[in-house]
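Asker: Fold the following and give me the result.
(4 chains)
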There are 4 protein chains.
Amino acid sequence: MNRIDPKVQECIDRCLACYSACLSTAMGHCLETGGKHTEPAHFRLMMACAEICRTAAHFMLVGTRHHRHVCAECAEICAECATDCERIGEMQDCVEACRRCAESCRLMAA
Amino acid sequence: MNRIDPKVQECIDRCLACYSACLSTAMGHCLETGGKHTEPAHFRLMMACAEICRTAAHFMLVGTRHHRHVCAECAEICAECATDCERIGEMQDCVEACRRCAESCRLMAA
Amino acid sequence: MNRIDPKVQECIDRCLACYSACLSTAMGHCLETGGKHTEPAHFRLMMACAEICRTAAHFMLVGTRHHRHVCAECAEICAECATDCERIGEMQDCVEACRRCAESCRLMAA
Amino acid sequence: MNRIDPKVQECIDRCLACYSACLSTAMGHCLETGGKHTEPAHFRLMMACAEICRTAAHFMLVGTRHHRHVCAECAEICAECATDCERIGEMQDCVEACRRCAESCRLMAA
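Answerer: Got it, this is the predicted structure:
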């Protein structure tokens, strides 16, 4: 069996946790609460964040060196999503998942 | 924040673990070892397994009742992938991830 | 080069067209219009439809016989999504993409 | 209904065509031919190319301005994949799909 480097594994785990948090929060809390939570720009940002996290994890699992650029983009979108979720409020789990993922992706991108 | 039911959360976790195991094993161990590991039918089954696990997790995160049928299909493909990985050998992590995922998806499908 | 059977290719094309229509309509028209368009059950159905179409296309491209069950589920979700989009109105492109995809997926599932 | 800008629509179409070509060629022609076609670095590059094309299309359909960076990365990976498929040979459809996608993604990234 191949063993994934522990640093990479941690980043994959954080990407999949952030994907899960953003998607389930958007589809649950945001749709049910409405108002600021379904503002198009905010909602699209959450969906873009879920997708780039899913893709960054995929690139690390495929084992291509191109994961660096995808992780750099992932770090940027996660940081923006954390700030926007904090502005709107009531999404602390999402904010934390985004920050942990951004931190880990920045290390992978370096 | 919405809270996902612990049973559903466990199934999501096992789906994402099985997706990760199948994709990283196919792209790492299988491609590097070759021979039986890159037999088209085996390799495609691993890729189909990775994809259905990713999709089953997605459906549970979206929170649609259609996750039942997707989980039923996921359980079937995971069981078949476990058997095929065991036949070829050297992929015990993958076998176990497939079995745990199949077990959990069968409960969700019931 | 492998050649994909024309019947399968048509189904892939319709799946990707339906994925595109559902995702872009949900993220554009639905979020901007709000009201009935962002009712949680309707919006989640559109997202589930986009995802199963994407996955059905993926299975046909991977070339696994498991595409049959995924296409059967895709046909069912697309038919339901078409009916729901028609009920809410102003989404005729989406209704038609869903119906064309459902028709083609039913043939693949048979 | 929202209308997608024709330039963006063309890029989405080329991304989905390149995703389809890379995935079906890898899973069909490459696995069946073996040899250079299943060299790990080549095969992973084809899988990375399929995934980034799928994600770039997704970002344009979501309608987030972050599609620019994803399209820039997509153009780079597609160009590299075209060159590698040409080096190995017998994958002209894939080479052309990659080049058309790279060209369109470069315009979106600018």
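Asker: how about the residues of chain A that lie near chain B?
Answerer: In this structure, chain A approaches chain B at residues A:1-2, A:4, A:12, A:16, A:20, A:23-25, A:27-29, A:32, A:54, A:57-58, A:61-63, A:90-94, judged by C-beta under 8 Å from any C-beta of the partner chain. To be clear about C-beta, it is placed using only N, CA and C from the backbone, and glycine gets the same treatment.
Asker: so where do the helices sit in chain A?
Answerer: In chain A, helices defined by DSSP state H lie at A:6-25, A:31-33, A:40-62, A:67-88, A:92-109, listed in chain order.
Asker: Dump the ones you listed to JSON lines, plus mean pLDDT and mean neighbour count.
Answerer: JSON lines is the format used below for those (pLDDT from 0 to 100; neighbours: other C-beta atoms under 10 Å in any protein chain shown):
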{"stretch": "helix A:6-25", "mean pLDDT": "98", "mean neighbour count": "23"}
{"stretch": "helix A:31-33", "mean pLDDT": "97", "mean neighbour count": "16"}
{"stretch": "helix A:40-62", "mean pLDDT": "98", "mean neighbour count": "25"}
{"stretch": "helix A:67-88", "mean pLDDT": "98", "mean neighbour count": "22"}
{"stretch": "helix A:92-109", "mean pLDDT": "98", "mean neighbour count": "21"}
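Asker: Among the ones you listed, single out whichever gets nearest to residue D:84.
Answerer: In this view, these are compared for proximity to residue D:84 by C-beta to C-beta, and helix A:40-62 is the closest at 14.8 Å.
Asker: Show me what that closest one is packed up against.
Answerer: In this structure, helix A:40-62 makes packing contacts with helix A:6-25, helix A:67-88, helix A:92-109, helix B:6-25, helix C:31-33, helix D:40-62, judged by 3 or more C-beta pairs under 8 Å, 6 or more residues apart in numbering or on different chains; DSSP states H and E.
Asker: Chain A against chain D: which residues are in contact?
Answerer: Taking C-beta under 8 Å from any C-beta as the criterion, the contact residues of chain A with chain D come out as A:44-45, A:47-48, A:51-52, A:55, A:58-59, A:62-64, A:66, A:69-70, A:73, A:76-77.
Asker: Is residue A:62 in contact with residue D:45, as I believe?
Answerer: No. Taking C-beta atoms under 8 Å as the contact criterion, residue A:62 and residue D:45 are not neighbours in contact, 9.2 Å apart.
Asker: What number of residues are in the vicinity of residue A:4?
Answerer: Taking other C-beta atoms under 10 Å in any protein chain shown as the neighbour definition, residue A:4 ends up with a count of 17.
Asker: Contacts only, for it.
Answerer: Taking C-beta atoms under 8 Å, 6 or more residues apart in numbering or on different chains as the definition of contact, the neighbours of residue A:4 are A:12, A:60, A:61, B:24.
Asker: Would you quantify the distance from it to residue B:22?
Answerer: As for residue A:4, its distance to residue B:22 is 13 Å (criterion: C-beta to C-beta, to the nearest Å).
Asker: again, but for residue A:32
Answerer: Counting by C-beta to C-beta, the gap from residue A:32 to residue B:22 is 34 Å.
Asker: again, but for residue A:90
Answerer: 36 Å.
Asker: cool, residue A:17 as well?
Answerer: In this view, residue A:17 and residue B:22 are 19 Å apart by C-beta to C-beta.
Asker: try residue A:52
Answerer: Taking C-beta to C-beta as the criterion, residue A:52 is separated from residue B:22 by 22 Å.
Asker: again, but for residue A:86
Answerer: Applying C-beta to C-beta, the value for residue A:86 to residue B:22 is 36 Å.
Asker: Same question for residue A:18.
Answerer: Counting by C-beta to C-beta - residue A:18 and residue B:22 are separated by 21 Å.
Asker: go on, residue A:85?
Answerer: Counting by C-beta to C-beta, the separation of residue A:85 from residue B:22 is 32 Å.
Asker: what does chain A have sitting close to chain C?
Answerer: Contact residues of chain A with respect to chain C, defined by C-beta under 8 Å from any C-beta, are listed as A:27, A:31, A:32, A:34, A:38, A:40, A:43, A:44, A:47.
Asker: In JSON lines, list those residues along with distance to residue A:108.
Answerer: Formatted as JSON lines, those follow (distance: C-beta to C-beta, whole Å):
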{"residue": "A:27", "distance to residue A:108": "27"}
{"residue": "A:31", "distance to residue A:108": "32"}
{"residue": "A:32", "distance to residue A:108": "34"}
{"residue": "A:34", "distance to residue A:108": "36"}
{"residue": "A:38", "distance to residue A:108": "32"}
{"residue": "A:40", "distance to residue A:108": "30"}
{"residue": "A:43", "distance to residue A:108": "27"}
{"residue": "A:44", "distance to residue A:108": "25"}
{"residue": "A:47", "distance to residue A:108": "22"}
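Asker: Name the member of these with the shortest distance to residue D:108.
Answerer: Taking the residues of chain A next to chain C together and measuring to residue D:108 by C-beta to C-beta, the closest member is residue A:44, at 16.7 Å.
Asker: before we move on, the earlier item: out of the helices and strands packed on helix A:40-62, which comes closest to residue B:102?
Answerer: Taking C-beta to C-beta as the criterion, helix B:6-25 is the member of these that comes nearest to residue B:102, at 8.4 Å.
Asker: what packs against the closest one?
Answerer: helix A:6-25, helix A:40-62, helix B:40-62, helix B:67-88, helix B:92-109.
Asker: Not counting it itself, show me its contacts.
Answerer: A:1-2, A:4, A:12, A:16, A:20, A:57-58, A:61-63, B:4, B:46-47, B:49-51, B:53-54, B:56-57, B:60-61, B:71, B:74, B:78, B:81, B:85, B:91, B:93-94, B:97-98, B:100-101, B:103-105, B:107-108.
Asker: if I pick residue A:64, what's in contact with it?
Answerer: The neighbours of residue A:64, taking C-beta under 8 Å, 6+ apart as the test, are D:44, D:45, D:47, D:48.
Asker: Between which two of those is the distance greatest?
Answerer: In the contacts of residue A:64, two members sit farther apart than any others by C-beta to C-beta. They are D:45 and D:47, at 7.4 Å.
Asker: correct me, but residue A:40 touches residue C:32?
Answerer: Yes. Counting by C-beta under 8 Å, a contact exists between residue A:40 and residue C:32, whose distance comes to 5.7 Å.
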